[in-house]
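A.B. asks: Got a predicted model here, sequence first, then my questions.
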Amino acid sequence: MSGAYDFSFSGLKTAVLRAVQREVGVDFIFPSRDLPALLNDVQRANFAASFQHIATETLIDKAELAFRDFAPKSVVIAGGVAANQELRRKLSARLPLHIDYAPMNLCTDNAAMIATLGYYYAQKKEPIDPFDLEVIPSLSMTKTAWA
């Protein structure tokens, strides 16, 4: 049942990239870092709003599904995504219970958490060549050097 709650934004990000490339008339080999300079303010705002709409709808749909399946007595939203005011508004409108949000100053990107994990990992492991690192985007913190 856990697969029903999984999601990834990699396909959405690629779709936005391809749409921006079409919008400005370049192909996939054009450096993506140079794309923002080719968009005007209205185009940038439209792409950002469209991305936010789909991303928030995806998150809310998954939250609603989990709510229906588990009927929790409370819901807490935290992490960087909890800072998104549109997500907060829509989620509050669609879930029939009070939602607790982490304080805004704690709703940040998880880079500090990842860096801290890297620090502790480095304390337990022998140094390796950075080019030999394995990228595991869905790695759980329970699968660490000390577990």
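C.D. replies: Ah, there it is.

A.B. asks: Show me where this protein has its helices.
C.D. replies: For the chain, the helices defined by DSSP state H cover 10-24, 41-70, 85-94, 111-124.

A.B. asks: now the residue of the chain most remote from its centre: how far from Asp132?
C.D. replies: In the chain, the residue that sits farthest from the middle, by CA atoms, centre = their mean, is Glu126; the gap is 30.9 Å. Separation of Glu126 from Asp132 (CB to CB, to the nearest Å): 12 Å. Any C-beta I mention is one placed from the backbone N, CA and C, and that applies to glycine too.

A.B. asks: Please apply the same query to Pro72.
C.D. replies: 42 Å.

A.B. asks: Of the two, which one has the most company?
C.D. replies: Under the criterion of other CB atoms under 10 Å, the comparison of Pro72 against Asp132 puts Pro72 first, with 11 against 6.

A.B. asks: show me the contacts for that one.
C.D. replies: Ala66, Leu97 (CB atoms under 8 Å, 6 or more residues apart in numbering).

A.B. asks: cutoff 10 Å now
C.D. replies: Ala66, Leu95, Leu97 (CB atoms under 10 Å, 6 or more residues apart in numbering).

A.B. asks: can you pick the most crowded of those?
C.D. replies: Going by other CB under 10 Å, Leu95 tops the contacts of Pro72 with 17 neighbours.

A.B. asks: how many other residues sit next to the closest residue to Leu65 other than its chain neighbours?
C.D. replies: Once flanking residues are discounted, Leu65 sits nearest to Ala4: 6.2 Å by CB to CB, 6 or more residues apart in numbering. Residues lying near Ala4 (other CB under 10 Å) number 10.
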